[in-house]
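Visitor: What would the 3D arrangement of this be:
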Amino acid sequence: MVILNRSVIVIGAGPIGLTAALALHSFGHQVTVLESSSAKQPPQGSRAIFIHSATLHILDRICPGLGRDLSDQGIYWQTQRTFYAGKEVYSNTYPPPKSGTYPHFTSLPQTEIERMLLARALKHGIEVIFEQHVIDVNCCDNKNGGFVVLKVANSETSWQAQYVIAADGARSTVRKRIGTKMEGNRDDGWFIVVDVAELDLETSSSSQLPRERIFHYAHPAVDGRNVLLVPFRGGWRIDLQCKKDDNPTELSSDEGVRMWLSRVMPQAYIDRVTWVSIYQFMQLVATDFADKATRRVLLVGEAAHLFAPFGARGLNSGIADAESAAMAINTALSYSYENHTAVRHAIDTFVQTRRTAALFNRYAAGEALAHLKPNAEMTIKQIAAASQAPTDRAASLWLEKAPYGPRAASNNTLLSKY
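Guide: Numbering: from 1, shown residues only. This next block holds a predicted model:
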(Lines give C-alpha, C1' and ligand atoms only; values in the text may rest on other atoms or scores of the structure.)
Protein backbone atom coordinates (compact mmCIF):
# COMPACT_ATOMS: atom_id res chain seq x y z
CA MET A 1 0.00 0.00 0.00
CA VAL A 2 1.18 3.50 -0.89
CA ILE A 3 0.72 6.24 1.73
CA LEU A 4 0.71 9.83 0.48
CA ASN A 5 1.70 12.40 3.11
CA ARG A 6 0.25 15.88 3.39
CA SER A 7 0.27 18.49 6.15
CA VAL A 8 -3.49 19.10 6.15
CA ILE A 9 -6.26 17.35 4.24
CA VAL A 10 -9.81 18.59 3.72
CA ILE A 11 -12.45 15.98 2.93
CA GLY A 12 -15.20 17.33 0.70
CA ALA A 13 -15.08 19.83 -2.18
CA GLY A 14 -18.41 21.49 -1.48
CA PRO A 15 -18.58 25.14 -0.42
CA ILE A 16 -17.57 24.37 3.18
CA GLY A 17 -14.59 22.19 2.29
CA LEU A 18 -13.34 24.63 -0.33
CA THR A 19 -13.69 27.49 2.15
CA ALA A 20 -11.61 25.54 4.67
CA ALA A 21 -8.96 24.91 2.02
CA LEU A 22 -8.82 28.58 1.03
CA ALA A 23 -8.59 29.60 4.69
CA LEU A 24 -5.69 27.21 5.29
CA HIS A 25 -3.99 28.51 2.16
CA SER A 26 -4.39 32.08 3.44
CA PHE A 27 -2.36 31.05 6.51
CA GLY A 28 0.40 29.70 4.28
CA HIS A 29 -0.35 25.98 4.50
CA GLN A 30 -0.25 23.46 1.70
CA VAL A 31 -3.59 21.70 1.62
CA THR A 32 -5.14 18.85 -0.33
CA VAL A 33 -8.89 18.43 -0.86
CA LEU A 34 -10.30 14.94 -1.36
CA GLU A 35 -13.72 14.75 -3.03
CA SER A 36 -15.67 11.51 -3.38
CA SER A 37 -17.56 12.43 -6.55
CA SER A 38 -16.33 12.82 -10.09
CA ALA A 39 -15.39 16.26 -11.35
CA LYS A 40 -17.96 15.66 -14.10
CA GLN A 41 -20.86 15.32 -11.65
CA PRO A 42 -22.37 18.76 -10.97
CA PRO A 43 -24.66 18.86 -7.91
CA GLN A 44 -28.39 19.08 -8.52
CA GLY A 45 -30.71 21.91 -7.52
CA SER A 46 -30.26 25.37 -6.09
CA ARG A 47 -29.89 24.09 -2.50
CA ALA A 48 -28.20 26.75 -0.32
CA ILE A 49 -28.91 30.07 -2.07
CA PHE A 50 -28.44 32.72 0.63
CA ILE A 51 -25.03 34.15 1.56
CA HIS A 52 -25.20 36.69 4.36
CA SER A 53 -23.00 39.79 4.32
CA ALA A 54 -21.08 38.48 7.35
CA THR A 55 -20.23 35.39 5.31
CA LEU A 56 -19.14 37.49 2.34
CA HIS A 57 -16.71 39.27 4.68
CA ILE A 58 -15.29 35.92 5.83
CA LEU A 59 -14.73 34.88 2.23
CA ASP A 60 -13.04 38.18 1.43
CA ARG A 61 -10.85 37.77 4.49
CA ILE A 62 -9.54 34.38 3.40
CA CYS A 63 -9.47 35.13 -0.34
CA PRO A 64 -9.52 38.85 -1.17
CA GLY A 65 -12.14 39.72 -3.77
CA LEU A 66 -14.08 36.46 -3.47
CA GLY A 67 -16.87 37.94 -1.35
CA ARG A 68 -17.27 40.82 -3.76
CA ASP A 69 -17.36 38.49 -6.78
CA LEU A 70 -20.05 36.34 -5.16
CA SER A 71 -22.03 39.43 -4.23
CA ASP A 72 -21.88 40.69 -7.79
CA GLN A 73 -22.86 37.29 -9.20
CA GLY A 74 -25.94 36.94 -6.98
CA ILE A 75 -29.07 39.05 -6.71
CA TYR A 76 -30.44 41.16 -3.87
CA TRP A 77 -34.15 41.55 -3.36
CA GLN A 78 -35.15 44.75 -1.61
CA THR A 79 -38.77 43.89 -0.84
CA GLN A 80 -40.10 41.32 1.64
CA ARG A 81 -43.77 40.46 2.07
CA THR A 82 -45.64 38.20 4.47
CA PHE A 83 -49.27 37.09 4.19
CA TYR A 84 -51.59 35.36 6.63
CA ALA A 85 -54.49 33.45 5.06
CA GLY A 86 -54.22 35.68 2.01
CA LYS A 87 -54.03 38.99 3.89
CA GLU A 88 -50.81 40.99 3.60
CA VAL A 89 -49.56 41.46 7.16
CA TYR A 90 -46.06 42.79 6.44
CA SER A 91 -44.21 44.51 3.63
CA ASN A 92 -41.02 46.48 3.55
CA THR A 93 -38.78 47.73 0.77
CA TYR A 94 -35.22 48.43 1.79
CA PRO A 95 -33.00 51.00 0.08
CA PRO A 96 -30.27 49.65 -2.20
CA PRO A 97 -26.87 49.17 -0.52
CA LYS A 98 -24.58 52.15 -0.53
CA SER A 99 -21.84 52.24 -3.14
CA GLY A 100 -18.80 50.26 -2.04
CA THR A 101 -20.67 48.28 0.63
CA TYR A 102 -22.07 44.77 0.64
CA PRO A 103 -25.80 44.18 0.46
CA HIS A 104 -27.36 42.45 3.45
CA PHE A 105 -27.05 39.22 1.44
CA THR A 106 -26.63 37.82 -2.04
CA SER A 107 -28.72 35.03 -3.56
CA LEU A 108 -27.44 32.55 -6.14
CA PRO A 109 -27.50 28.76 -6.63
CA GLN A 110 -25.09 26.66 -4.60
CA THR A 111 -23.80 25.18 -7.85
CA GLU A 112 -22.54 28.63 -8.81
CA ILE A 113 -21.07 29.22 -5.35
CA GLU A 114 -19.15 25.95 -5.61
CA ARG A 115 -17.94 26.75 -9.11
CA MET A 116 -16.51 30.09 -8.00
CA LEU A 117 -14.88 28.65 -4.88
CA LEU A 118 -13.33 25.80 -6.87
CA ALA A 119 -11.97 28.23 -9.45
CA ARG A 120 -10.30 30.27 -6.70
CA ALA A 121 -8.88 27.16 -5.06
CA LEU A 122 -7.33 25.92 -8.31
CA LYS A 123 -6.04 29.41 -9.12
CA HIS A 124 -4.16 29.43 -5.81
CA GLY A 125 -2.63 26.03 -6.43
CA ILE A 126 -4.74 24.08 -3.97
CA GLU A 127 -4.69 20.37 -4.81
CA VAL A 128 -8.23 19.06 -5.41
CA ILE A 129 -8.48 15.36 -6.16
CA PHE A 130 -11.78 13.78 -7.23
CA GLU A 131 -13.03 10.20 -6.91
CA GLN A 132 -11.46 9.86 -3.46
CA HIS A 133 -14.19 8.36 -1.29
CA VAL A 134 -12.82 8.12 2.25
CA ILE A 135 -14.11 4.97 3.94
CA ASP A 136 -11.97 4.73 7.08
CA VAL A 137 -10.15 7.04 9.47
CA ASN A 138 -7.39 6.11 11.91
CA CYS A 139 -5.95 8.66 14.35
CA CYS A 140 -2.62 8.25 16.13
CA ASP A 141 -0.59 10.17 18.69
CA ASN A 142 2.94 9.15 19.63
CA LYS A 143 6.12 10.70 21.02
CA ASN A 144 7.07 12.04 17.59
CA GLY A 145 3.75 13.77 17.00
CA GLY A 146 0.39 12.77 15.68
CA PHE A 147 -1.20 11.92 12.38
CA VAL A 148 -4.37 10.73 10.70
CA VAL A 149 -4.52 7.98 8.07
CA LEU A 150 -7.38 7.99 5.58
CA LYS A 151 -8.33 4.89 3.61
CA VAL A 152 -9.94 5.45 0.21
CA ALA A 153 -12.40 3.09 -1.49
CA ASN A 154 -11.18 0.96 -4.42
CA SER A 155 -7.59 2.10 -4.05
CA GLU A 156 -4.28 0.79 -2.81
CA THR A 157 -3.37 4.34 -1.83
CA SER A 158 -4.00 5.87 1.59
CA TRP A 159 -3.52 9.43 2.75
CA GLN A 160 -1.76 10.66 5.87
CA ALA A 161 -1.93 14.15 7.39
CA GLN A 162 -1.23 15.95 10.64
CA TYR A 163 -4.76 17.35 10.63
CA VAL A 164 -7.97 16.63 8.76
CA ILE A 165 -11.01 18.85 8.28
CA ALA A 166 -14.08 16.77 7.49
CA ALA A 167 -16.63 18.59 5.34
CA ASP A 168 -18.15 15.44 3.89
CA GLY A 169 -21.76 16.40 4.44
CA ALA A 170 -24.88 15.19 6.18
CA ARG A 171 -24.03 11.48 5.86
CA SER A 172 -20.43 12.08 6.93
CA THR A 173 -18.39 8.88 6.90
CA VAL A 174 -15.69 10.62 8.90
CA ARG A 175 -18.09 11.56 11.69
CA LYS A 176 -19.19 7.95 11.97
CA ARG A 177 -15.63 6.60 11.88
CA ILE A 178 -14.44 8.80 14.74
CA GLY A 179 -17.44 7.68 16.80
CA THR A 180 -19.29 10.98 17.04
CA LYS A 181 -23.09 10.94 17.30
CA MET A 182 -25.70 13.50 16.32
CA GLU A 183 -28.05 14.81 19.01
CA GLY A 184 -31.36 16.60 18.56
CA ASN A 185 -34.60 16.19 16.66
CA ARG A 186 -35.86 15.45 13.18
CA ASP A 187 -39.41 16.68 12.77
CA ASP A 188 -41.78 14.17 11.18
CA GLY A 189 -43.30 16.77 8.84
CA TRP A 190 -42.23 17.23 5.22
CA PHE A 191 -41.51 20.15 2.91
CA ILE A 192 -41.45 20.11 -0.89
CA VAL A 193 -38.82 22.33 -2.51
CA VAL A 194 -39.00 23.29 -6.18
CA ASP A 195 -36.64 25.27 -8.40
CA VAL A 196 -38.29 27.23 -11.20
CA ALA A 197 -36.31 28.98 -13.94
CA GLU A 198 -36.98 32.69 -14.36
CA LEU A 199 -38.97 33.83 -17.38
CA ASP A 200 -37.38 35.52 -20.35
CA LEU A 201 -37.93 39.18 -19.54
CA GLU A 202 -38.20 40.26 -23.17
CA THR A 203 -40.95 37.80 -24.03
CA SER A 204 -42.75 37.37 -20.70
CA SER A 205 -42.43 40.65 -18.83
CA SER A 206 -46.17 40.86 -18.17
CA SER A 207 -46.14 37.51 -16.32
CA GLN A 208 -42.83 37.89 -14.52
CA LEU A 209 -43.01 38.03 -10.75
CA PRO A 210 -41.41 41.04 -9.07
CA ARG A 211 -38.13 40.26 -7.33
CA GLU A 212 -39.53 39.92 -3.81
CA ARG A 213 -39.27 37.34 -1.04
CA ILE A 214 -42.79 36.25 -0.12
CA PHE A 215 -43.97 34.05 2.74
CA HIS A 216 -47.54 32.83 3.13
CA TYR A 217 -48.91 31.50 6.38
CA ALA A 218 -51.89 29.29 5.55
CA HIS A 219 -52.06 30.11 1.85
CA PRO A 220 -55.76 29.88 0.92
CA ALA A 221 -55.05 28.68 -2.63
CA VAL A 222 -53.29 25.53 -1.38
CA ASP A 223 -55.66 24.53 1.41
CA GLY A 224 -53.92 26.50 4.13
CA ARG A 225 -50.40 25.19 3.65
CA ASN A 226 -47.44 27.50 4.28
CA VAL A 227 -45.53 28.62 1.18
CA LEU A 228 -42.22 30.45 0.78
CA LEU A 229 -41.12 32.02 -2.53
CA VAL A 230 -37.51 33.20 -2.78
CA PRO A 231 -35.83 34.59 -5.90
CA PHE A 232 -32.24 33.72 -6.71
CA ARG A 233 -30.07 34.44 -9.72
CA GLY A 234 -31.74 32.69 -12.64
CA GLY A 235 -34.86 31.50 -10.92
CA TRP A 236 -37.11 30.96 -7.95
CA ARG A 237 -37.12 28.57 -5.03
CA ILE A 238 -40.55 27.59 -3.70
CA ASP A 239 -41.01 25.67 -0.44
CA LEU A 240 -44.39 24.07 0.30
CA GLN A 241 -45.01 22.82 3.83
CA CYS A 242 -46.97 19.58 3.82
CA LYS A 243 -49.89 18.96 6.14
CA LYS A 244 -49.76 16.09 8.62
CA ASP A 245 -51.71 13.70 6.38
CA ASP A 246 -50.11 14.75 3.08
CA ASN A 247 -48.18 12.26 0.98
CA PRO A 248 -44.91 14.07 0.12
CA THR A 249 -44.22 11.65 -2.72
CA GLU A 250 -47.48 12.60 -4.42
CA LEU A 251 -47.02 16.34 -3.87
CA SER A 252 -43.48 16.17 -5.27
CA SER A 253 -44.49 14.18 -8.37
CA ASP A 254 -44.72 15.96 -11.71
CA GLU A 255 -48.51 16.00 -11.50
CA GLY A 256 -48.53 17.02 -7.85
CA VAL A 257 -46.10 19.90 -8.38
CA ARG A 258 -48.08 21.22 -11.35
CA MET A 259 -51.26 21.09 -9.28
CA TRP A 260 -50.11 23.23 -6.37
CA LEU A 261 -47.47 25.35 -8.13
CA SER A 262 -50.07 26.73 -10.55
CA ARG A 263 -51.93 28.12 -7.54
CA VAL A 264 -48.99 30.08 -6.11
CA MET A 265 -47.18 31.27 -9.27
CA PRO A 266 -48.30 32.67 -12.64
CA GLN A 267 -49.10 30.00 -15.23
CA ALA A 268 -46.09 30.99 -17.35
CA TYR A 269 -43.75 29.47 -14.73
CA ILE A 270 -45.38 26.06 -14.48
CA ASP A 271 -43.41 24.41 -17.29
CA ARG A 272 -40.09 25.82 -16.07
CA VAL A 273 -39.50 23.50 -13.09
CA THR A 274 -35.85 22.39 -13.05
CA TRP A 275 -35.56 20.50 -9.76
CA VAL A 276 -37.81 19.00 -7.08
CA SER A 277 -36.86 17.55 -3.72
CA ILE A 278 -38.29 16.92 -0.26
CA TYR A 279 -36.83 17.56 3.18
CA GLN A 280 -37.61 17.48 6.88
CA PHE A 281 -36.88 20.07 9.54
CA MET A 282 -33.55 19.10 11.15
CA GLN A 283 -32.25 20.19 14.55
CA LEU A 284 -29.15 18.01 14.91
CA VAL A 285 -25.71 18.81 16.36
CA ALA A 286 -22.71 16.49 16.77
CA THR A 287 -21.75 15.61 20.33
CA ASP A 288 -18.20 16.74 19.56
CA PHE A 289 -16.61 18.60 16.66
CA ALA A 290 -13.27 16.75 16.87
CA ASP A 291 -12.17 13.19 17.54
CA LYS A 292 -11.79 12.59 21.26
CA ALA A 293 -8.53 10.66 21.17
CA THR A 294 -6.18 12.98 19.27
CA ARG A 295 -8.18 16.15 18.39
CA ARG A 296 -6.75 15.93 14.87
CA VAL A 297 -9.97 15.40 12.91
CA LEU A 298 -12.26 18.43 12.92
CA LEU A 299 -15.90 18.38 11.78
CA VAL A 300 -17.43 21.34 9.93
CA GLY A 301 -20.64 22.13 8.08
CA GLU A 302 -23.22 19.38 7.77
CA ALA A 303 -20.73 16.84 9.08
CA ALA A 304 -21.13 18.70 12.39
CA HIS A 305 -24.73 19.93 12.32
CA LEU A 306 -27.95 19.74 10.30
CA PHE A 307 -30.51 22.53 10.15
CA ALA A 308 -33.56 23.18 7.99
CA PRO A 309 -33.18 25.66 5.10
CA PHE A 310 -35.42 28.23 6.82
CA GLY A 311 -33.09 30.86 8.30
CA ALA A 312 -30.16 30.09 5.95
CA ARG A 313 -28.14 28.62 8.82
CA GLY A 314 -26.53 25.66 7.07
CA LEU A 315 -24.20 27.28 4.52
CA ASN A 316 -23.50 30.40 6.55
CA SER A 317 -22.67 28.55 9.77
CA GLY A 318 -20.62 26.02 7.80
CA ILE A 319 -18.43 28.73 6.29
CA ALA A 320 -17.89 30.16 9.78
CA ASP A 321 -16.96 26.63 10.93
CA ALA A 322 -14.46 26.30 8.09
CA GLU A 323 -12.62 29.52 8.88
CA SER A 324 -12.56 28.73 12.59
CA ALA A 325 -11.21 25.21 11.97
CA ALA A 326 -8.45 26.58 9.74
CA MET A 327 -7.52 29.15 12.39
CA ALA A 328 -7.36 26.41 15.04
CA ILE A 329 -5.13 24.18 12.93
CA ASN A 330 -2.89 27.10 12.03
CA THR A 331 -2.47 27.86 15.74
CA ALA A 332 -1.88 24.21 16.64
CA LEU A 333 0.79 23.83 13.95
CA SER A 334 2.59 26.93 15.23
CA TYR A 335 3.47 25.10 18.47
CA SER A 336 5.97 22.31 18.88
CA TYR A 337 4.39 18.98 19.63
CA GLU A 338 5.96 19.03 23.09
CA ASN A 339 3.62 21.91 23.96
CA HIS A 340 0.77 19.44 23.98
CA THR A 341 -1.51 21.55 26.17
CA ALA A 342 -1.37 24.57 23.84
CA VAL A 343 -1.96 22.38 20.79
CA ARG A 344 -5.04 20.77 22.33
CA HIS A 345 -6.31 24.11 23.59
CA ALA A 346 -6.33 25.53 20.05
CA ILE A 347 -8.56 22.70 18.84
CA ASP A 348 -10.75 22.70 21.93
CA THR A 349 -11.37 26.43 21.48
CA PHE A 350 -12.64 25.75 17.96
CA VAL A 351 -14.89 22.98 19.25
CA GLN A 352 -16.34 25.07 22.06
CA THR A 353 -16.90 28.16 19.92
CA ARG A 354 -18.48 26.47 16.92
CA ARG A 355 -20.50 23.95 18.91
CA THR A 356 -21.92 26.84 20.95
CA ALA A 357 -22.93 28.47 17.67
CA ALA A 358 -24.47 25.22 16.44
CA LEU A 359 -26.46 24.74 19.64
CA PHE A 360 -27.85 28.25 19.28
CA ASN A 361 -28.74 27.56 15.65
CA ARG A 362 -30.48 24.36 16.75
CA TYR A 363 -32.48 26.35 19.28
CA ALA A 364 -33.32 28.96 16.63
CA ALA A 365 -34.50 26.25 14.24
CA GLY A 366 -36.76 24.92 16.98
CA GLU A 367 -38.21 28.37 17.56
CA ALA A 368 -38.91 28.71 13.83
CA LEU A 369 -40.62 25.32 13.73
CA ALA A 370 -42.90 26.35 16.61
CA HIS A 371 -44.30 29.03 14.29
CA LEU A 372 -44.42 26.87 11.17
CA LYS A 373 -46.20 24.03 13.01
CA PRO A 374 -48.08 26.01 15.64
CA ASN A 375 -49.90 24.42 18.54
CA ALA A 376 -53.32 25.75 19.54
CA GLU A 377 -51.88 28.52 21.71
CA MET A 378 -49.47 29.69 19.00
CA THR A 379 -52.22 29.59 16.38
CA ILE A 380 -54.35 31.90 18.52
CA LYS A 381 -51.40 34.30 18.84
CA GLN A 382 -50.81 34.26 15.08
CA ILE A 383 -54.46 34.91 14.27
CA ALA A 384 -54.54 37.76 16.78
CA ALA A 385 -51.36 39.28 15.34
CA ALA A 386 -52.68 38.94 11.79
CA SER A 387 -55.89 40.73 12.76
CA GLN A 388 -53.84 43.70 14.01
CA ALA A 389 -51.23 43.75 11.25
CA PRO A 390 -50.00 45.61 9.32
CA THR A 391 -51.31 48.62 11.27
CA ASP A 392 -49.76 47.30 14.48
CA ARG A 393 -46.09 47.35 13.51
CA ALA A 394 -44.98 45.06 16.35
CA ALA A 395 -47.49 42.38 15.37
CA SER A 396 -46.54 42.79 11.72
CA LEU A 397 -42.81 42.43 12.40
CA TRP A 398 -43.36 39.41 14.65
CA LEU A 399 -45.20 37.55 11.91
CA GLU A 400 -42.46 38.46 9.43
CA LYS A 401 -39.49 37.34 11.54
CA ALA A 402 -40.88 34.30 13.36
CA PRO A 403 -40.63 31.62 10.59
CA TYR A 404 -36.86 32.05 10.38
CA GLY A 405 -36.03 31.95 14.09
CA PRO A 406 -33.95 34.39 16.14
CA ARG A 407 -30.91 35.71 14.30
CA ALA A 408 -28.22 36.14 16.96
CA ALA A 409 -27.33 34.75 20.37
CA SER A 410 -27.69 37.04 23.35
CA ASN A 411 -24.06 36.62 24.35
CA ASN A 412 -20.97 37.91 22.58
CA THR A 413 -18.93 34.70 22.64
CA LEU A 414 -19.32 33.88 18.95
CA LEU A 415 -16.98 35.02 16.21
CA SER A 416 -19.84 34.92 13.71
CA LYS A 417 -23.58 35.60 13.89
CA TYR A 418 -23.96 32.11 12.49
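
Visitor: For residue 408, report the pLDDT, please.
Guide: Per-residue confidence (pLDDT) for residue 408: 64.

Visitor: do the same with residue 415
Guide: At residue 415, the model reports a pLDDT of 50.

Visitor: Same check on residue 278?
Guide: Here the pLDDT value assigned to residue 278 is 96.

Visitor: Is it located within a helix, as I assumed?
Guide: No. Counting by DSSP: H, G, I helix; E, B strand; the rest coil, residue 278 is located in no helix; its state is strand.

Visitor: Can you give the distance from the longest helix along the chain to the centre of its chain?
Guide: Secondary structure of the chain per DSSP state H: the longest helix is helix 340-372. Centroid displacement of helix 340-372 relative to its chain, using CA atoms, centre = their mean, to the nearest Å, is 15 Å.

Visitor: What mean pLDDT does that helix get?
Guide: Mean predicted lDDT for helix 340-372 stands at 95.

Visitor: who are the neighbours of that helix, in terms of helices and strands?
Guide: Here helix 340-372 touches strand 282-286, strand 297-299, strand 305-307, helix 313-334, helix 376-388, going by 3 or more CB pairs under 8 Å, 6 or more residues apart in numbering; DSSP states H and E. For the C-beta atoms, the positions are set from N, CA and C on the backbone; glycine is no exception.

Visitor: how far off helix 376-388 does it point, in degrees?
Guide: Interaxial angle of helix 340-372 relative to helix 376-388 (axes from the mean of the first three to the mean of the last three CA atoms, to 10 degrees): 70 degrees.

Visitor: Could you pull out the buried residues of helix 340-372?
Guide: 343, 345-347, 350-351, 353-355, 357-358, 360-362, 364-366, 368-369, 371-372 (16 or more other CB atoms under 10 Å).

Visitor: pLDDT weak spots in the stretch 251-400 of the chain?
Guide: Applying pLDDT under 70 to the stretch 251-400 of the chain flags no residue at all.

Visitor: And the residue nearest to residue 132 when sequence neighbours are not counted, how close does it get to residue 129?
Guide: Excluding the flanking residues, the one nearest residue 132 by CB to CB, 6 or more residues apart in numbering is residue 34, at 3.9 Å. Using CB to CB, to the nearest Å, residue 34 is found at 6 Å from residue 129.

Visitor: Looking at the two now, which is surrounded by more residues?
Guide: residue 34 (25 against 15; other CB atoms under 10 Å).

Visitor: what's near enough to touch that one?
Guide: 9-13, 129, 132, 134, 150, 152, 159 (CB atoms under 8 Å, 6 or more residues apart in numbering).

Visitor: so who does residue 121 touch?
Guide: Shown in contact with residue 121 (CB under 8 Å, 6+ apart): 18, 21-22, 25, 33, 128.

Visitor: What is the neighbour count of residue 149?
Guide: Look at residue 149: counted by other CB under 10 Å, it has 15 neighbours.

Visitor: phi, psi of it?
Guide: With angles defined as degrees, to the nearest 10, residue 149 sits at phi -110, psi 130.

Visitor: who touches it in this structure?
Guide: Counting by CB under 8 Å, 6+ apart, residue 149 touches 3, 137-138, 140, 158-160.

Visitor: so can I have TSV of these showing pLDDT and secondary structure?
Guide: Below are the contacts of residue 149 laid out as TSV (pLDDT from 0 to 100; DSSP: H, G, I helix; E, B strand; the rest coil):
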residue	pLDDT	secondary structure
3	94	strand
137	98	strand
138	97	strand
140	93	strand
158	97	strand
159	98	strand
160	98	strand
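
Visitor: For residue 45, state which of these is nearest.
Guide: residue 137 (29.1 Å; CB to CB).

Visitor: That closest one touches residue 178, doesn't it?
Guide: Yes. Contact criterion CB atoms under 8 Å: residue 137 and residue 178 qualify, at 6.0 Å.

Visitor: in the stretch 151-300 of the chain, which spans are helices?
Guide: Ranges of helices in the stretch 151-300 of the chain, per DSSP state H, counting those that start in this stretch, are 173-177, 201-204, 248-251, 254-261.

Visitor: can I get those helices in TSV with distance to residue 227 and mean neighbour count?
Guide: Below are these laid out as TSV (distance: least, CB to CB, whole Å; neighbours: other CB atoms under 10 Å):
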stretch	distance to residue 227	mean neighbour count
helix 173-177	34	21
helix 201-204	22	10
helix 248-251	12	16
helix 254-261	9	15
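
Visitor: Out of these, flag the one nearest residue 308.
Guide: Among those, the nearest to residue 308 by CB to CB is helix 248-251 (14.6 Å).

Visitor: Distance from the closest one to the middle of the chain?
Guide: Centre-to-centre, helix 248-251 and its host chain are 24 Å apart (CA atoms, centre = their mean).

Visitor: And for stretch 28-41?
Guide: With CA atoms, centre = their mean, you get 19 Å for stretch 28-41.

Visitor: next one: stretch 168-179
Guide: How far stretch 168-179 lies from its chain's middle: 17 Å, per CA atoms, centre = their mean.

Visitor: about what we covered before: using a markdown table, lay out the helices of the stretch 151-300 of the chain together with distance to residue 78.
Guide: What follows is those, written out as a markdown table (distance: least, CB to CB, whole Å):
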| stretch | distance to residue 78 |
| --- | --- |
| helix 173-177 | 40 |
| helix 201-204 | 18 |
| helix 248-251 | 31 |
| helix 254-261 | 25 |
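
Visitor: To residue 188, which of those helices lies closest?
Guide: Set against residue 188 and scored by CB to CB, the helices of the stretch 151-300 of the chain come closest in helix 248-251, at 11.0 Å.

Visitor: which stretches of the stretch 1-150 of the chain form strands?
Guide: 2-11, 31-34, 50-52, 79-84, 87-93, 105-107, 127-129, 134-142, 145-152 (DSSP state E, counting those that start in this stretch).
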